[in-house]
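Chemist: just need the structure, nothing else, for what follows:
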Amino acid sequence: MYQRILVPVDGSETSRRGLDEALRLAAALGGRVRVLHAIDELSFALAMDAYAGNPGGWLDTLREQGTRLLASAAARAAEAGVPADTVLRDEFRSPVHQVVNDEARNWGAELIVLGTHGRRGLGRLVMGSSAEQVLRTARVPVLLVRAAEEAQPGKAPAAEERIVIHQPTAALAFE
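Modeler: Numbers count the residues shown, from 1 in each chain. Next up, the predicted model:
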């Protein structure tokens, strides 16, 4: 049961929670994980700046960030004693949810585990929901792991706490 678990990551805290849950499952079930990071058109566009260098530099930066993110995820898997491999996709041919579902199908994943920000209302409308799109189109079971504040209803961050919002592909973070 669930020997091959696909875990899309984007560098956010929510993504880390999804990875941790996937590692717990894989360790308990004797399975393995594949950690996926996708660079899509949105992350590429958000990396652009009117005063930045050439577009090739932006893509190289996104690839470097993705490679570091995947190396960190592989290290977490090693610490948990879970076999893992990593994949970086930057093909720009498909939206992130399609890249995730294609990877699940091609690798033979039996489960997809991913963090979700649990956005509702205007936030969901503006930012969209990659997790929702994966859930709607996946051919295998999907486990959604909520953000810490969503996992504890009624608990909002304290006023003095720093709030960090991560763009879904880790290309840009607002603080």
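Chemist: mind listing the residues bridging to the residue lying closest to Gly108 once chain neighbours are set aside?
Modeler: Closest residue in space to Gly108, ignoring its immediate chain neighbours: Arg4 at 5.7 Å, by C-beta to C-beta, 6 or more residues apart in numbering. The C-beta positions use only the backbone N, C-alpha and C, and glycine is treated the same way. Beta bridges link Arg4 to Arg32, judged by DSSP bridges.
Chemist: test my guess that Arg4 contacts Asn106.
Modeler: No: contact criterion C-beta atoms under 8 Å: Arg4 and Asn106 do not qualify, at 11.4 Å.
Chemist: on the three-state scheme, Leu144 is what?
Modeler: Judged by DSSP: H, G, I helix; E, B strand; the rest coil, the three-state class of Leu144 is strand.
Chemist: for Arg4 and Asn106, indicate the residue with more neighbours.
Modeler: Arg4 (16 against 9; other C-beta atoms under 10 Å).
Chemist: pLDDT score for the more buried one?
Modeler: Per-residue pLDDT puts Arg4 at 98.
Chemist: the strands in the protein, which residues?
Modeler: Counting by DSSP state E, residue ranges of the strands within the chain are 4-8, 32-38, 84-89, 111-116, 142-146, 165-166, 173-174.
Chemist: can you list the strands that the fourth one pairs with?
Modeler: When you say that, I think you mean strand 111-116. strand 4-8 (parallel), strand 142-146 (parallel).
Chemist: worst average pLDDT in these?
Modeler: For the strands paired with strand 111-116, mean pLDDT drops lowest on strand 142-146, to a mean of 91.
Chemist: what's in contact with it?
Modeler: Identification of contacts with strand 142-146 by C-beta atoms under 8 Å, 6 or more residues apart in numbering yields 14, 17-18, 21-22, 25, 111-116, 118, 131, 134-135.
Chemist: among those, which one has the most neighbours?
Modeler: In terms of neighbours by other C-beta under 10 Å, the contacts of strand 142-146 top out with Ala22 at 33 neighbours.
Chemist: that residue reaches Val33, doesn't it?
Modeler: Yes: with contact defined as C-beta under 8 Å, Ala22 reaches Val33; the gap is 5.4 Å.
Chemist: which neighbours do these two have in common?
Modeler: By C-beta under 8 Å, 6+ apart, the residues touching both Ala22 and Val33 are Ile5, Val7.
Chemist: good, we can wrap up now.
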